[in-house]
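Trainee: model this:
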Amino acid sequence: DQDILLHYPYQSFQYTVDLLREAAVDEHVTSIKMTLYRVADESEIVNALTGAIRNGKKVTVFVEIRASFDEAANINWMDKLAGEGAKVIRDLPELKVHSKLILITRKKQGKSERYACIGSGNFSESIARIYTDHALFTSDPAITGEVRRVFKSLEDGKKKPKYKHLLVAPHEMEKKLLELIDNEIANAGDGRNAYIYAKLNGLSCQRVVDSLYEAGQAGVKVKMVIRGVCCLLPGVEGLSENIEVLSIVDKYLEHSRIYIFCNDDAPLIYISSADWMHRNMEKRIEVGAPVYDDALKRELLD
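Mentor: Below you'll find the predicted structure:
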């Protein structure tokens, strides 16, 4: 009926598990596709996928075995799922699959419906208790159709489809981010409201840093929360007086990625798996999802 935004750990990760469990037993669900980067030691996610396979659903899983410190565990999960009958794709040459995606296809009376979960964090019950992350649940055909394109691209390893709604790396995300920043610069030049807010784990992509400096000098108000590496110097006279950067180190590890662009007071808001770093823009499969629901936009702005 409407999009749902979850904020872990303040809201339960169990909703994600329940989504997969319900899909596993729904007679009309035909397929589940999912990316796995890190999972819990006793994973209810994997158990739900196993149940879906045993109930005759077609399950395709992209397991990134090069997730640092989780390589052995991911190989074990890959073998378990493959042994149950899942189609498991283990890696892509020179690219890490870092996106956080679920796509469920349901067919009823000859009509296909798709449901997607797009997140900033891993599908892991243990991590969701100590990392802050966001996840968007949606059945919006515009978004789920593009999530389907991402999975098709992952499966054939060749296609580079175009996306109107999603921000997808490595093919388009950096280019679109620079265009969004340029739009704020143009609006500031025309005397309109212009701001950029971002919450990230790291900022080191040089082209993005240079573009943010240009935005600040053009009068765009830039505010960022960056937990880790930040290669931009805020508050420097003649360079970045309009740029403010905070780092939050607190009870939970700040892991969510949120991008907000004023867009002449019609804010464009995304949650994403990607930081603004070279490795995310060029060497990883990443996905950012637009938030279109007005109530959810207000929640993220607040």
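Trainee: now the closest residue to residue 139 other than its chain neighbours, which residues is it bridged with?
Mentor: Nearest residue to residue 139 in three dimensions, chain neighbours excluded: residue 115, at 5.1 Å (C-beta to C-beta, 6 or more residues apart in numbering). From N, CA and C alone the C-beta is placed, and that goes for glycine too. Counting by DSSP bridges, residue 115 is bridged to residue 104.
Trainee: What residues does the nearest residue in space to residue 208 that is not next to it in sequence make contact with?
Mentor: Spatial nearest neighbour of residue 208, chain neighbours left out: residue 276 (4.8 Å); criterion: C-beta to C-beta, 6+ apart. Listed by C-beta atoms under 8 Å, 6 or more residues apart in numbering, the contact partners of residue 276 are 177, 198, 200, 202, 203, 204, 205, 208.
Trainee: Quick check: residue 276 vs residue 11, distance?
Mentor: As judged by C-beta to C-beta, to the nearest Å, residue 276 and residue 11 stand 26 Å apart.
Trainee: for the stretch 51-200 of the chain, what spans make up the helices?
Mentor: Taking DSSP state H, counting those that start in this stretch, the helices of the stretch 51-200 of the chain run over residues 71-84, 141-156, 173-189.
Trainee: who's in contact with the shortest one?
Mentor: Read it as helix 71-84. Contacts of helix 71-84 (C-beta under 8 Å, 6+ apart): 36, 38-39, 41, 43, 46, 49-50, 53-54, 59, 61, 63-65, 67, 88, 90.
Trainee: re earlier: need the helices of the stretch 51-200 of the chain in CSV (columns: mean pLDDT, distance to residue 222 and mean neighbour count).
Mentor: Shown next, in CSV, are the helices of the stretch 51-200 of the chain (pLDDT from 0 to 100; distance: least, C-beta to C-beta, whole Å; neighbours: other C-beta atoms under 10 Å):
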stretch, mean pLDDT, distance to residue 222, mean neighbour count
helix 71-84, 75, 37, 15
helix 141-156, 94, 27, 17
helix 173-189, 98, 9, 19
